[in-house]
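Trainee: return a 3D structure for these sequence lines:
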Amino acid sequence: MDSQPPASPDSQQQTTSRKRRGIGRIGWAVIGAVFFGSLLAIGILPRLSQRSELQAAVKEASTLTSVNIITPRRAAATTNLELPGSVVALNQTTIYARSTGYLRRWYADIGDRVQAGQLLAEIDSPDIDQQVLQAKAELAQAQANVLQSRASLAKGVSDLKQAQANLLIARQSWQRWSVLVKQGAVPQQDADTRYATYQANLANVEAAKNTINSDSANVKAAQANVYASQANFQRNTVLQSYKKVTAPFAGVITARNVNTGVLISAGSGTSNTSSNTNTSNTNTSNTSLYTIAAYDKLDVNVNVPQSLSPSFQTGQTAEITVKELPQRAFTGKVVRTSNAIDPNTRTLLTQLEVENYNATLRPGMYATVKFAINRTNTPFVVPDSALVVNAGGTQVATLTKDQTVHYQKVVVGRDYGTEVEITSGLTGNESLIATPTVDETEGLRVQPVAQKK
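Mentor: Numbers count the residues shown, from 1 in each chain. Prediction:
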């Protein structure tokens, strides 16, 4: 068996070196593999996670309900408010008879324009004429009684003066005879006679004074009768003047309820029912002769909603139009309000005054009144489709930050048809579901979609 020669020291060293180099190459290869694997893990794994989350989000979004989202907008600070109005006469009244009799003649018919104090009709009143004559005679008699009482008083004054003169003479005569009796020149009986005469004249003076007092009372009573008779005469004279029916103010006759020959009673009467045609008379109960209305100025009554009532002030102007006059516009001014909200309609009765010199407008017309209202706290405006009305009241569907549905109660103002005003309940930063349905329940997560404008 051949034996190999022992390796030399140099060859052993070379072998050991080659082994060491082989092991080093393997270590570096492992380290490199680990390093590059770490880099791949750091770069790929987050992407894979993000991709997984994105796929999950896409899957979840595909299952969410999509809703159109809108935001509320502010209404204009100045808004036009149109309300229906009713044209009424500024001054309208019915004219009644104050004198009883038969209608002698009428001078004005419906549609006639009359002036204040113009004669409208005459009533033949023989009863009141006789009452005037009687009152006049009673006044003359009372005046004659005053003259008679004054004459009696004057006679009483004259009698008093005569009695006082007689009393003076009787007193002086008695005083002289009293002195003579003391001197013994005349007997006591003669002095007593003079004293009796003095006492009689004293009584006459007192009686004359009483007569004057009585005559003075009679004069006062007679004068009072004169005043009463004069008042009665004046009253009947005024009633007699009511035989002529006149217009209390300038205006237009809107109704005539009398015809010639009809019996009229003061305050009420009977007349024919026809005031527009010349048909045969039909006697019915009637309490007025004419109806007159002033047309130079008219009132327009408007019922303002409670929510807008604070915006209306006296002196505010408005534009008034009527359908029958499309080319005309009238200017009205607020002159008064009822200052109370009607509990039935929740409206404020407002009256506007409008000039009508040419009588273009007529009482009873339907008018449209347009107001320009300046609002300090302007409300929000949303489509009417955004409102939800249920047992909880009027609400809108809003979206929270986590895209869930939340119903918010609101207060509705004016209704424009397709849009409504929200006076309370919104701040303006909300996202509203444009058309909420029963499927969008409270707390439901949805997918918002901005609605195209």
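Trainee: going forward, measure contacts and count neighbours with C-alpha atoms only.
Mentor: Noted.
Trainee: how near is the residue nearest to Pro379 when sequence neighbours are not counted to Val411?
Mentor: Closest residue in space to Pro379, ignoring its immediate chain neighbours: Thr423 at 4.9 Å, by Cα to Cα, 6 or more residues apart in numbering. Note on Thr423: its distance to Val411, by Cα to Cα, to the nearest Å, is 6 Å.
Trainee: so the two - more neighbours on which side?
Mentor: Just comparing Thr423 and Val411: by other Cα atoms under 10 Å the higher neighbour count belongs to Thr423, 17 against 13.
Trainee: SS state for the more buried one?
Mentor: State at Thr423, reduced to three classes by DSSP: H, G, I helix; E, B strand; the rest coil: strand.
Trainee: touching, it and Asp415? I think so.
Mentor: No: the pair Thr423 / Asp415 is not scored as a contact, 11.5 Å apart, by Cα atoms under 8 Å.
Trainee: okay, now the unreliable bits of the protein?
Mentor: Applying pLDDT under 70 to the chain picks out residues 1-30, 32-63, 268-287, 451-453.
Trainee: need the residue closest to the centroid of it.
Mentor: Centroid-nearest residue in the chain, with Cα atoms, centre = their mean: Ser338, separated by 2.0 Å.
Trainee: contacting residues around the residue nearest to Pro379?
Mentor: Listed by Cα atoms under 8 Å, 6 or more residues apart in numbering, the contact set of Thr423 reads 378-380, 410-413.
Trainee: need the buried ones from the residues you listed selected in ChimeraX.
Mentor: Buried residues within the contacts of Thr423, by 16 or more other Cα atoms under 10 Å, are selected in ChimeraX with:
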select :378,379,380,410,412,413
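Trainee: next, format the contacts of Thr423 as JSON lines and append distance to Leu120.
Mentor: Putting these into JSON lines (distance: Cα to Cα, whole Å) gives the following:
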{"residue": "Thr378", "distance to Leu120": "56"}
{"residue": "Pro379", "distance to Leu120": "57"}
{"residue": "Phe380", "distance to Leu120": "60"}
{"residue": "Val410", "distance to Leu120": "62"}
{"residue": "Val411", "distance to Leu120": "58"}
{"residue": "Val412", "distance to Leu120": "56"}
{"residue": "Gly413", "distance to Leu120": "53"}
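Trainee: for the stretch 101-250 of the chain, just list every one of the strands.
Mentor: Ranges of strands within the stretch 101-250 of the chain are 101-106, 113-114, 119-124, 244-246, based on DSSP state E, counting those that start in this stretch.
Trainee: and those strands: which comes nearest Ile373?
Mentor: For Ile373, the closest of those is strand 113-114, at 38.0 Å, according to Cα to Cα.
Trainee: what packs against the closest one?
Mentor: When contacts are defined as 3 or more Cα pairs under 8 Å, 6 or more residues apart in numbering; DSSP states H and E, strand 113-114 sits against strand 251-256.
Trainee: what sits up against the strand it packs on?
Mentor: 108-116, 275-276, 289-296.
Trainee: partner strands of it, parallel or antiparallel?
Mentor: Counting by DSSP bridges, the strands paired with strand 251-256 are strand 113-114 (antiparallel), strand 290-293 (antiparallel).
Trainee: where exactly do the helices run in this structure?
Mentor: Along the chain, counting by DSSP state H, helices occupy 9-63, 126-183, 188-241.
Trainee: the residue nearest to Thr211 when sequence neighbours are not counted - how many residues pack around it?
Mentor: Once flanking residues are discounted, Thr211 sits nearest to Gly156: 6.1 Å by Cα to Cα, 6+ apart. A count of nearby residues for Gly156, using other Cα under 10 Å, gives 22.
Trainee: what's the answer for the one 5 residues further on, then?
Mentor: Lys161 sits with 15 neighbouring residues when counted by other Cα under 10 Å.
Trainee: if anything else comes up later, I'll come back, but that's it for now.
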